[in-house]
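# Take a look and give me a structure for this.
(one chain, ligands or ions: 1)
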Amino acid sequence: MLTEVLLGILLILLLWKAILKKPAGLPPGRWGLPLIGYIPLTRKSMEEQLDDLNKEHGDIYVWRMGTQVMVFLHSYEMCKEAFARQEFTHRPDWLFFNPTNEKVALGVGGSNGPHWHTNRRFTLRQLKNQGMGKSTLVSGIHEQANMLIGKFQEQAGKSAAVPYAIRVAVVNVIWHMVASITYDVDDPKLKEFMQLMDDFGEMTYYSTFLDIFPWLRNIPAFLKNRLFALDQVEITDQKFMNYFYEVIKEHKSSLDPENPRDLIDSYLLDTEGMEQEEVIRSDKDLALLIFDLFFAGSETTYSTLTFAMYYLAAFPEAQRKLQEEIDRALPGDVLPTLEDRASLPYLEAVLHEVLRMTSLVPGGVQHCASRDTHFAGYTIPKGSIINTAAASIHYDSRYWDRPESFLPERWLDEEGKFCAKKEGFLPFGVGKRVCLGESLARMELFILAVAVFKNFTISPPPGTLVDVTPSPTQPMFHVPRKQDIYVTARK
Ligand code: HEM
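Reported below is the predicted structural model:
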């Protein structure tokens, strides 16, 4: 009898050690149960809980969510060190990064290894060839800026939502670089595209469950579809792919090898990396690469512009200062070129402060440990998901004086010159996978913001306030709330 009891205790201890106990060497944090991880019983938001964990455990801790070992980094220095390392450059094997569920993820934003490396180099080179960070793209952005001014003009003297044209302007800049296409605001084909982007954004919410609890992928299809709308996700993905396949087909039929027009032509002619087995060149890969550019580059940019309008409506003194600067630097009807940046330091400061305060991607875009790695005194097991607590770092008093305050002045030196402070600022990520459209986003934000604030004043609708806090509808991204603004023409 005694032997059975002892064996029973031994078995329980072994089970506890093997299954329930957090493996030795991991950072401190929440572990929970196998398959489901640690499910908190609290009404606190995710960000509030991360702040609590940061206070309790310091700059690195772990939280097992479902089967995913999530490691959170709360210091700028740690993020810099981690994301400079090859071992933390991979993306997780998630539907979010591989929406069409390929054997290996394609495109650029979710792919890994030599395929990612080749596509990243190619995309960066192409965006630069198409004018990213250069004056050659400025006239294309001016065209969109003028369209935007027209739409704001129509809205002058009224309370209404930020015009849809702002999305069109940003999306058109990407279409121009990718496929030499510029859509008219009312083009039904563009409306179809925008709808697909919205549908896809909503669907990611469902697929996140399957990424956190991958064993749910094995439940019967009818239940999966019921719970996670997987059939709808597939339909939306296919519609998206078909949209891009059509544009690729048109490009193939008019391709002139001597005169590549845009990113699609260049991809069709590109052979870089083809000698490596892991590098794939296909219509699907190209379609997913284009998809990545729209998904990563459109909502981020127009959300930042919308937030900038909300902040300047909420802080009219900052808006007045900005307009004075624009009037001084750019008299008359001209729109800015890249050379005007030096004479618009307050604008640069406002945009940086908006990027800091809004932290569009509050938990960063996930990376994954490609092997067991020793980091910050701990062992991070292969497959762990590495998260940047960007929103927390952007409000950390180690880097920011009065972090809760909207203070564009913090970006200016004593002579009023803009200084791009780097410590503690990572809205575009950091390291080997840093945003590859950063210079494009900066160009667009700069030119489109001048177009708006040179010609219009944005205020809250009479008798109301503008809410600058992010919408609660999207837990993974900070998007602006849907609300009205009041537009007054300045001339
Ligand atoms: C305000 C605007 C933008 C913000 C805040 C932003 C932010 C980010 C962040 C945080 C990442 C993840 C970095 C990481 O994994 O560590 C990222 C990646 C990426 N961004 Fe942006 N982004 C913006 C605009 C753009 C634009 C305009 C484009 C291109 C059209 C773009 C294309 C990409 C791509 C392709 C990646 C994936 C890079 C890779 O995995 O190698 N982004 N961005």
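
# interface residues of the stretch 251-400 of the chain facing the ligand?
292-293, 296-297, 300-301, 304, 360-361, 364-365 (C-beta under 6 Å from any ligand atom). Backbone N, C-alpha and C define where each C-beta goes, glycine included.

# Select from those the one having the most neighbours.
Thr301 (26 neighbours; other C-beta atoms under 10 Å).

# State the next helix or strand along the chain beyond the helix or strand hosting that residue.
Assessed by DSSP states H and E, Thr301 sits inside helix 299-314. Counting by DSSP H and E, the next helix or strand C-terminal to helix 299-314 is helix 316-329.

# Could I get the CA-only coordinates of that next one as CSV?
What follows is helix 316-329, C-alpha atoms only, in CSV (Å, rounded to 0.1, in the frame of the first residue of the first chain):
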residue,chain,number,x,y,z
PRO,A,316,-5.3,74.2,-30.7
GLU,A,317,-2.3,76.1,-29.4
ALA,A,318,0.0,73.5,-31.0
GLN,A,319,-2.0,73.7,-34.2
ARG,A,320,-1.7,77.5,-34.3
LYS,A,321,2.1,77.2,-33.9
LEU,A,322,2.3,74.7,-36.7
GLN,A,323,0.2,76.8,-39.0
GLU,A,324,2.4,79.9,-38.3
GLU,A,325,5.5,77.8,-39.1
ILE,A,326,4.0,76.5,-42.4
ASP,A,327,2.9,80.0,-43.4
ARG,A,328,6.4,81.3,-42.7
ALA,A,329,8.2,78.5,-44.5
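
# ok so, going back, for the helix holding Thr301, buried residues please.
299-314 (16 or more other C-beta atoms under 10 Å).

# what do you get for stretch 373-392?
By neighbour count on 16+ other C-beta under 10 Å, the buried set for stretch 373-392 is 373, 375-376, 378, 380-381, 383-392.

# Filter the residues you listed down to just the ones in strands.
By the criterion of DSSP state E, membership of the buried residues of stretch 373-392 in strands covers 373, 375, 378, 380, 385-388.

# Secondary structure for the residues of the stretch 251-400 of the chain next to the ligand - can I get that in TSV?
Shown next, in TSV, are these (DSSP: H, G, I helix; E, B strand; the rest coil):
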residue	secondary structure
Asp292	helix
Leu293	helix
Ala296	helix
Gly297	helix
Thr300	helix
Thr301	helix
Thr304	helix
Leu360	coil
Val361	coil
Gly364	coil
Val365	coil
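
# Nearest to Tyr346, out of those: which one, please.
Thr304 (16.8 Å; C-beta to C-beta).

# pretty sure that closest one contacts Leu360?
Yes - if you go by C-beta atoms under 8 Å, Thr304 and Leu360 touch, sitting 6.6 Å apart.

# In a strand, Leu465, correct?
No - according to three-state DSSP, Leu465 belongs to no strand; its state is coil.

# Please name the residues that touch it.
Leu465 makes contacts with Ala314, as judged by C-beta atoms under 8 Å, 6 or more residues apart in numbering.

# And for Phe97?
Counted by C-beta under 8 Å, 6+ apart, Phe97 has contacts 91, 105, 109-110.

# in the stretch 351-491 of the chain, which spans are helices?
Along the stretch 351-491 of the chain, counting by DSSP state H, counting those that start in this stretch, helices occupy 390-394, 438-455.

# Which other helices and strands does the last one contact?
It stands for helix 438-455. Applying 3 or more C-beta pairs under 8 Å, 6 or more residues apart in numbering; DSSP states H and E, one finds that helix 438-455 contacts helix 138-155, helix 165-179, helix 299-314, helix 316-329, helix 345-358.

# rerun that using 6 Å as the cut-off
Applying 3 or more C-beta pairs under 6 Å, 6 or more residues apart in numbering; DSSP states H and E, we find helix 438-455 packed against helix 138-155, helix 299-314, helix 316-329.

# Just checking: what are the partner strands of the next helix or strand after the longest one?
When you say that, I think you mean helix 138-155. Scanning forward in sequence from helix 138-155 by DSSP H and E, the next helix or strand is strand 159-161. Applying DSSP bridges to the sheet, strand 159-161 is found paired with strand 484-489 (antiparallel).

# contacting residues around the residue in the stretch 201-350 of the chain that the ligand sits nearest to?
Nearest residue of the stretch 201-350 of the chain to the ligand, counting by C-beta to the nearest ligand atom: Gly297, 2.6 Å away. By C-beta atoms under 6 Å, 6 or more residues apart in numbering, the contact list for Gly297 reads 174, 437.

# Check it and give its pLDDT.
Per-residue confidence (pLDDT) for Gly297: 96.

# which residues does the residue of the chain found nearest the ligand contact?
Closest to the ligand within the chain is Gly437: 2.0 Å, counting by C-beta to the nearest ligand atom. Residues in contact with Gly437 (C-beta under 6 Å, 6+ apart) are Gly297.

# let's have the chain start at 21 instead
OK, 21 is where the count begins now, so the last one is Gly457.

# Now it: phi and psi?
phi -110, psi 20 (degrees, to the nearest 10).

# In which helix or strand does Pro280 reside?
Pro280 belongs to no helix or strand when assigned by DSSP H and E.
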